[in-house]
Each structure stands twice: as structure tokens, then as C-alpha cells.
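Q: I'd like to go over a predicted model; first the sequence, then the structure.
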Amino acid sequence: MKRILGSTVLSLVISALIIATVFAQDSIPSDDEVNAIAKNLFCPVCPNTPLDMCPTLACKAWREDIRNMLAEGKSEAQIRQSFMDYYGPRVLSEPPRTGFYWLTYAVPPIIIAAAAFMLFRALKTWKRSSLMEADLDEDDALTSDDEYITRMEEELKKRN
Amino acid sequence: MLADLGFAIIVITFVLALYSAIIAILGERKKSPILVESARRAQLLTFPLLTLAAAILIYQLINNKFDVSFVYEVTSRSMPTYLKITAWWGGQAGSLLFWSWLLSAFTSIVTLRNWDRDREFLPWVIVVSSVTLAFFLSLNVFFENPFARFYQTIDGVSAYTFKPAGGVPIIPDEGQGLNPLLRHPGMIIHPPLLYLGYVSFVIPFAFAIAALVTGRTDDRWARITRRWTLWAWMFLSLGLVLGARWAYDVLGWGGYWGWDPVEIAAFMPWLTGTAFLHSVMIQEKRGMLKHWNMILIMLTYALVIFGTFLTRSGVLSSVHAFAQSAIGPMFFGFIGMTFIVSIALLIWRWPELKSETEMKSMFSRDAFFLFNNLLFLSVLVVSFWGVIFPLVSELFTGQKITVGPPFYERANAPIFGTMMALMGIAPLTAWGKSTALTLGRALWKPTIPALFIPVWAYLSGYTNWVALIGFFLVAFVISVTLYDTIRSAHARQRAHKEKFTTSLLRLASRNRRRYGGYLIHISMMLMAIGILGIELFQTETQGTISKGQSLQLGRYTINYNDVASWDVPEKGVNHTRAVVDIYKDNKYIGQLYPRIDYYFDSNQTMTIPALRSTLQDDLYILLVDWEPVSASGATFKIFHNPLVNWLWIGSLALIASMLFTAWPDKDPSLRPVRARKHAVQPGAAD
């Protein structure tokens, strides 16, 4: 009886280990899952190279780090934060939206808006001055017409 | 001995360029035609001299003179002769000499022209071009001598221009060889085209400065340089397109444009150059925007030098920074000096550059061209800021940061969209006066067929709203362009009683600028289809599989069939090539051969993608080079790039369109005439 119980327990333990191993193997994140995160991180040492494309051994090791973190259940945000904490903000594909780095996002729209404002003001000024010119032309025309008519009437009166 | 001769020629040319600039100024100030002629001849002499220096360098490259450090760095015995020749621009010192050689050639062409009508420009054109030439030659003379040789001293082996005391000449048996990335056909032609574009822009800038100095404030300088500008723009565009194709074929990221700082460096003068090409038309036709055109050409020149500075100084770390040296401060100083002098001249002449007419309507073509300029400059602002912000950050926080593609794509996408909308609307506007009502009347007909395209795209499964807007804008631009062209051809057909095709051809050939511009717009739209496809619908997968196993991506299945590896000793390379079977919807469609090339001389690898290209899509397969490759396991990365080939088709169309536009008219009377003060009705020829 003891032997039967012992072998049953042993079988159960071995089965559990096999199942655990299989599940562990299934939970290894795929290359695509790793690359989806590595794509938005830049190699901390190679210039301007996304981590998913970098051929160096160091980057290969960092991709494995991502795989391990994914296997541990970490989210993309946590992995990105972990890389940033360790290697600094240059590993992110764009600067973080904090403090000084806000300038990255704020400066271009301010300059473009200022340029657009200046352009519209210039256009309005040009338009107004061309309208004024047209008005002046009309006034000149009226004045000269008036003078002409006045003189013509005077001449006619003289002849009459 | 030959190397010493080469260096001596560069020094003599440098002195001649300085002489030419100084004597031209003196000649102008003393009103001495003899001095100006002397300056002109000195300038003309620079080209044969630099050609001789270049010939000596090429001789050294071809004949494996590895005692010359430049030859050692960029060639090896196993390289074919054509690659040894093109290695001239494959390294720092050689490419600077190449720049100077092109500039001397272009300046000589300008100097040899008939100057009877524009004699007052001549001295100042010589001054600007000679100063620029002297600057680039000074880099070769003082920092990057392409003829420096190796000597062994007590400090070790180094390259020296002159033999150091106690130095023993060293002749290495073999060179390092050209960077494998630069051995691609696209990369052989890409740098010369970019440089042609860069250098050509020096000429319109020289004329603009000449106009400011002489006070000749009409549009003569712009008219003289119109074709130069167009060719410069064409070369720069070709350089960018070839660079994109090179990246697609060689860099193995599955894309064509990575918003790398050096790519942006070439893109920035293209942006200001394109804005200038549009706004200079307003100056020619309406006598307006004289200040603005000066600013644009000055910016373009500054960005040309800045682009070379970024590429050559290594100031920004990037995949292009093959060559890094200590020439940065020189470049920076030169950009600053030329920019300050240009702005000072502009301020001096500001009152004389007043517009001859005023903008009359927000809906006129003049106004739309200005909006277009605003958009081009907006992209420039985003791009420039993105490139320099890492430096600003490092300067103020000590922290280096990356400004990568997401920043540029998010900021520029709406601007490009608006630009496309303007590209559609502007052809139907009139110079001078126009109202919203007349514009609306002109627009509704071509808009209706354009609306069918996004509907059709939606029904075909493209449900991304950004893509639908993009497809509408592409269709809108093409529809408006065709509508306006057909309408004008019909008008001519009625007036001249000729066949429609004859009318169309005559109309286009007699208004190359307008209809060439239209062709360029259509080409750009074809390119936009490719860009929308790859940017919005690209998918990818990666996996390690054994022989006989397969990977799936969308409707495609790739099956790993075989692998082979072999050396090609005469080329100094080892190829590792996989054979993969391709299935689409489980139907066999062929085999592809992604491979990895390993170059013995430079100890570098290249991943060469295998491509299956159709009008519908590209299947792009890479053999991942950082994983082991064998029959038992190889890692493949596969990209599915929908519509990407429209980018290359559009590029070819762009080349043809640019040639059509820039081709000289046979009959001078057919050249566009100034139509200032005459408002042209929509659809009427320029």
C-alpha cells in the first residue's frame, strides 16, 4: 500500500514538474513581443539605432533583458521606465514630457504659430493698403470728374 | 612624391581662391576691369588645378598606395576599380576635395557665361564662390589632407603632411577597405547627387549677394539663376530619393527614412529650396516678396553648409557619422560669418527691396504660395529643432537625449497633409485677385471624383481614417491637376483648331514651368501613396526556425528551405545565403534568398534583404545577422510593406518631371515672360 502511495505521489510530483516546465516554456515571450517594445527604445551606446535593429552583442543582451522582464510579467511602461532609470532618457525614442524636455514639444508650435500670425497680419495689411489704394483711385476719379463737370458747366454757361 | 604634388596643388588652389576673392573686391572698388578680369582668370584656374589634384588622388586609390592614409582608410586590394574610384567621396578628406572640385566646376561654368548684360554682378559672384571654395580648401589644407602619409615616429605610426623629424615612411600591405554600407550602387551615386545639389545652391546665393551689394534690386538675379536653382533642387531631390532607396536596400530596418540627423541635414536645404522655387515665381510675376526670397536663399545656403557640417564633423552621433574630425568649429564659424554678413547686407538694402505691388486677396495664388512657404518652413522648424535639441539638452542638463521618428512623424504629418491640400487648391487660384466664391466654383468639379477614392479604399478594407484622408488628398491633387490641364488644352484646342493631343503637348512644352510643376506634383502624390502604405500599414514578424519550418505574416508564409555559405576571395567577401519558399494564401509563389555578407578587409557584415515586389506590396525578408545561421536554426525578420513601390515609381516619375521642367527651351521667345500687374484668370497659362 505504502509503495502504491509513494509511486502515486512521485508520479504526481513528476507530472506537476513537467506541466510547470511546459507552462514555463509557453510563457517565454516571442521575438515579436520583445521587438514591439525594443522598437521604441534606442540603443544606449550605438548612435540613433532602435534597439530592435541593433546588431551588437550588447543590444542582443538588452533584448534578452526585455524578454526576461516580460516573462516576469512587467508591462511595457515598466520596462521602458526600468531602461530609463538605468541608462538615462536617451534610450527613449523621444524625450520624456517632463521639466526641461517639454521644450522639445513646445518650441516648434510656438515658432510656427508666431510665423503664421505674422503672415496673416502681413496679408491683412497688404489687403487693407491695396483696398485704400483702390479707394484713393476712386476718389481721385470722382474729384477729377467733378472738376471736369464743373469746368464744362462753366464753359457752357459762358457760351449761353 | 605624387602625394606631395597633390597637396601642393590644393595649397596653390587655396591661395588662388583667396586671391580671386580679394582681387575681385579690389577690382570692383577701384572700378578696374583689369583686376576683375584677373580675379576671373584666377577663379577659372581653380578647376583644372583641382581636377589634377583629384586625378592624382584617384591614381593613388586605384594603385593601392596605402602609404597615403586616406587610400588606406577607404580601399583594399580586393575592391573593384570602380569602387576604388568612388571611394574618393567615401571618406572625410576625399569628400571635402570632391565638394571643392564640384564648386570650382560650377563657378567656372558661371564665370564663362556671357556677362555683357550683368557685368556688375560678376565680381561679387566671384567673391562669394571663391570665399566658399577657399573655406572648403582650407579644411583640406589645415585639417584633412587627403595626401597625408604614414610615418613611424617615437610616438607610433601616424599620418603627416610633412615628414616628421626622424620619421620613417610606413607602407601598409593592405588597406581597411570601404565601409560595406557604402558599396551599394545607390550609395555610389547618392553622395555625388547630394553634393551636386548642395553645391549648385551656392550659385543662386552668390547672385543674390551680388544683387544686394550692387543694389540691383529687380528680379534679374533670380531670373539668371532660375535654371540653376531648378537643377540644384533636382539633384538634391535625386540624392534624397537614392538615399531612401539605399536605406531600404542596405540598412535592413524595412523602411526608407529613419529621421536620422544626417538625413534631416539633407532634407532641410531641400525644404527651403522648394519654398524658394515657389516664392521666387511671385517675385518674377508680381514683383513681390523680394525680402523673403533673399532670406530663403540665404537660409538654403546656410543649411547647405550646415548639412555638410553635420555629415562631416560628427557633431551629432548618427549612423551616417562615418567620418568624425575636428573641423566642426571651422564650419560653425564659417556658417555664422556668412549668415551675419548676408543678413547685414539684407538689412542695408531692405528699403530698396520693397514690393512693387501688394497682395490683394487671401484667395489669390500669391497668398497660397505664401501659405505653402509657411508650411515648408514649419517642417523646417520641426526638423531643425529635432536635430539640435539633443545638443541643447546636453548643453543645459548634461543629459543626452534622442529625438526619434515618433516626434517628427507626429509633428510633420498634419503639416504634410495641409501641404497636399494646398497643392490641390493652388493650381485653380488666380494671380492677384481671387475670391472664395470663384475658388469654390473652380474646385467643386475636380473634388467630386476625388471623393470616390476614399470611399473605394474604405470598401476595400482600408479603414484607418488617417489613410482615408491621405488617399483623398492624393486623389484631390491628381484630379485638380488633370482637370486644369485638360481644361486649358481644350481652350487651346478651340482657339487654334488643332487636335487635343497636339494642344496638350504644345501647351506643356511652351509652359514647362507650369506643367513641369504639375508633373512634379503628380509624382509627389504617387510617392505619397507609397509613404501612406508603408507608414500606416506595415507589419512585421521575427522568428527562429529550423529547416522545413515556416513563419507566417498576414497572407504570406515563408518556409526555410536551405542555407549555404561560401567565400569569394577575389571580392574579399563571404556570403551566407538562405533559400526560403514563399506562399501567399497557401499558394506557392516562388523562392527568395536573403543573405548576410561578411567583408574580410573591414571585418563588417551586411544583411541583404530578399524582396518580392509588386504594385500591391513588398515582402521584405532579412536573415538576422546577430543570431547564428545554420540548417538547424536561422532567425528571419519579415516585413510586409503595402504600396511601398509607389514610392519608387513616384521617384522615377519625379526624375522625368524634373528633367522636363529644367530642360532648356530651344526658342528664347518661348521662355516665360513677366506677367506682373496682369491678373491671370484661373486656368490661363503662366
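A: Cool, the structure landed. Numbering: from 1, shown residues only, chains lettered A, B, ... in the order given.
Q: Model confidence for residue 83, exactly?
A: Let's take chain A. What the model reports as pLDDT for residue A:83 is 94.
Q: let's do chain B instead
A: Residue B:83 is given a pLDDT of 90.
Q: Would you mind confirming that it makes contact with residue B:183?
A: Yes - Residue B:83 is in contact with residue B:183 according to Cβ atoms under 8 Å; the separation is 6.0 Å. Heads up, the C-betas are built off the backbone N, CA and C, glycines and all.
Q: Mind checking which of these two has more residues around it?
A: Comparing residue B:83 with residue B:183 by other Cβ atoms under 10 Å in any protein chain shown, the one with more neighbours is residue B:183, at 23 against 20.
Q: residues touching that one, list them.
A: Contact analysis of residue B:183 by Cβ atoms under 8 Å, 6 or more residues apart in numbering or on different chains lists residue B:83.
Q: Report how many residues lie close to the closest residue to chain B within chain A.
A: Closest residue of chain A to chain B, Cβ to the nearest Cβ: residue A:47 (3.3 Å). By other Cβ under 10 Å, 18 other residues sit near residue A:47.
Q: pLDDT wise, what is it at?
A: On the pLDDT scale, residue A:47 is placed at 75.
Q: ok, now the one 10 residues further on?
A: Note for residue A:57: predicted pLDDT of 87.
Q: related to what we said a few turns ago, and the residue of chain A closest to chain B, which of the three is it?
A: Secondary structure, DSSP: H, G, I helix; E, B strand; the rest coil: residue A:47 is coil.
Q: Now it: phi and psi?
A: Note on residue A:47: its backbone torsions stand at phi -70, psi 130 [degrees, to the nearest 10].
Q: And for residue B:551?
A: Per degrees, to the nearest 10, the backbone of residue B:551 is at phi -120, psi 150.
Q: How about the spatially most central residue of chain B, nearest residue that isn't a chain neighbour?
A: With distances taken as Cα atoms, centre = their mean, the residue of chain B nearest its centroid is residue B:236 (3.0 Å). Spatially, and ignoring its direct neighbours in sequence, residue B:236 is nearest to residue B:197 (2.9 Å; Cβ to Cβ, 6 or more residues apart in numbering or on different chains).
Q: That neighbour and residue B:32, how far apart?
A: Going from residue B:197 to residue B:32 by Cβ to Cβ, to the nearest Å gives 36 Å.
Q: Of those two, which one has the most company?
A: residue B:197 (25 against 14).
Q: where's the more buried one, which helix or strand?
A: helix B:185-200 (DSSP states H and E).
Q: hmm, who's touching that helix?
A: B:82-83, B:86, B:89, B:95, B:98-99, B:102-103, B:106, B:181-182, B:228-229, B:231-240, B:242-243, B:245-246, B:249-250, B:266, B:269-270, B:304, B:307-308.
Q: Could you do stretch B:98-107 as well?
A: Under Cβ under 8 Å, 6+ apart, the answer for stretch B:98-107 is B:13, B:43, B:46-47, B:50-51, B:53-54, B:88-89, B:125-126, B:129-130, B:132-133, B:136-137, B:140, B:191-192, B:195-196, B:198-200, B:202-203, B:206, B:308.
Q: Sort out for me which of those residues are in helices.
A: Counting by DSSP state H, those place B:13, B:43, B:46-47, B:50-51, B:53-54, B:125-126, B:129-130, B:132-133, B:136-137, B:140, B:191-192, B:195-196, B:198-200, B:202-203, B:206, B:308 in helices.
Q: Quick check on those: which are buried?
A: By neighbour count, with 16 or more other Cβ atoms under 10 Å in any protein chain shown, the ones in helices among the contacts of stretch B:98-107 hold B:13, B:43, B:46-47, B:50, B:53-54, B:125-126, B:129-130, B:132-133, B:136-137, B:140, B:191-192, B:195-196, B:198-200, B:202-203, B:206, B:308 as buried.
Q: Where do the domain boundaries of chain B fall?
A: Structural domains assigned to chain B are B:2-147+B:176-253+B:266-313+B:339-351, B:539-645, following automatic domain parsing.
Q: For the longest one, measure first residue to last.
A: By that I understand domain B:2-147+B:176-253+B:266-313+B:339-351. 54 Å (Cα to Cα, to the nearest Å).
Q: That domain: how far from the chain's middle?
A: Chain-centre distance of domain B:2-147+B:176-253+B:266-313+B:339-351: 14 Å, with Cα atoms, centre = their mean, to the nearest Å.
Q: Could you do stretch B:468-485 as well?
A: Offset of stretch B:468-485 from its chain centre (Cα atoms, centre = their mean): 26 Å.
Q: Wait, a strand at residue B:540?
A: Yes - Residue B:540: assigned to a strand according to three-state DSSP.
Q: Secondary structure element holding residue B:561?
A: Residue-wise, residue B:561 maps onto strand B:556-568 under DSSP H and E.
Q: now for that strand, which elements pack on it?
A: Packing partners of strand B:556-568 (3 or more Cβ pairs under 8 Å, 6 or more residues apart in numbering or on different chains; DSSP states H and E): strand B:550-553, strand B:573-584, strand B:634-642.
Q: Pull out the C-alpha coordinates of the longest one and format them as PDB.
A: Written as PDB, here are the backbone C-alpha positions of strand B:573-584 (Å, rounded to 0.1, in the frame of the first residue of the first chain):
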ATOM      1  CA  VAL B 573      33.700  38.600 -49.000                       C
ATOM      2  CA  ASN B 574      31.800  35.600 -47.600                       C
ATOM      3  CA  HIS B 575      28.200  35.000 -48.500                       C
ATOM      4  CA  THR B 576      25.700  33.200 -46.200                       C
ATOM      5  CA  ARG B 577      22.500  32.700 -48.200                       C
ATOM      6  CA  ALA B 578      19.300  31.200 -47.100                       C
ATOM      7  CA  VAL B 579      16.700  29.800 -49.500                       C
ATOM      8  CA  VAL B 580      13.100  30.300 -48.500                       C
ATOM      9  CA  ASP B 581       9.900  29.300 -50.300                       C
ATOM     10  CA  ILE B 582       7.200  31.900 -50.400                       C
ATOM     11  CA  TYR B 583       3.500  31.100 -50.200                       C
ATOM     12  CA  LYS B 584       0.600  33.500 -50.400                       C
END
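Q: Outside of that strand itself, list whatever touches it.
A: B:555-568, B:588-600, B:610, B:612, B:619, B:621, B:623, B:629, B:634, B:636.
Q: Could you do stretch B:5-15 as well?
A: B:46, B:49-50, B:52-53, B:56-57, B:60, B:97, B:100, B:104, B:133-134, B:137-138, B:140-141, B:145-148, B:161.
Q: By proximity to chain A, which residue of the stretch 1-150 of chain B wins?
A: For the stretch 1-150 of chain B, Cβ to the nearest Cβ, closest residue to chain A: residue B:92, 17.0 Å.
Q: What's the local residue count around that residue?
A: Neighbour count of residue B:92, defined by other Cβ under 10 Å: 25.
Q: Kindly report the same for residue A:86.
A: Residues lying near residue A:86 (other Cβ under 10 Å) number 11.
Q: Can you tell me how far it is from residue B:349?
A: Computed as Cβ to Cβ, the residue A:86 to residue B:349 distance reads 56 Å.
Q: now residue A:51
A: 52 Å.
Q: For residue B:470, give me the pLDDT.
A: 95.
Q: My error: substitute residue B:440 in the last question.
A: 87.
Q: Which residue, other than its chain neighbours, is closest to residue B:359?
A: residue A:126 (3.8 Å).
Q: host element of the one you found?
A: Using DSSP H and E, the element containing residue A:126 is helix A:102-159.
Q: What of residue B:110?
A: helix B:92-111.
Q: Tell me how many other residues crowd residue B:1.
A: Residue B:1 has 5 neighbouring residues, counting by other Cβ under 10 Å.
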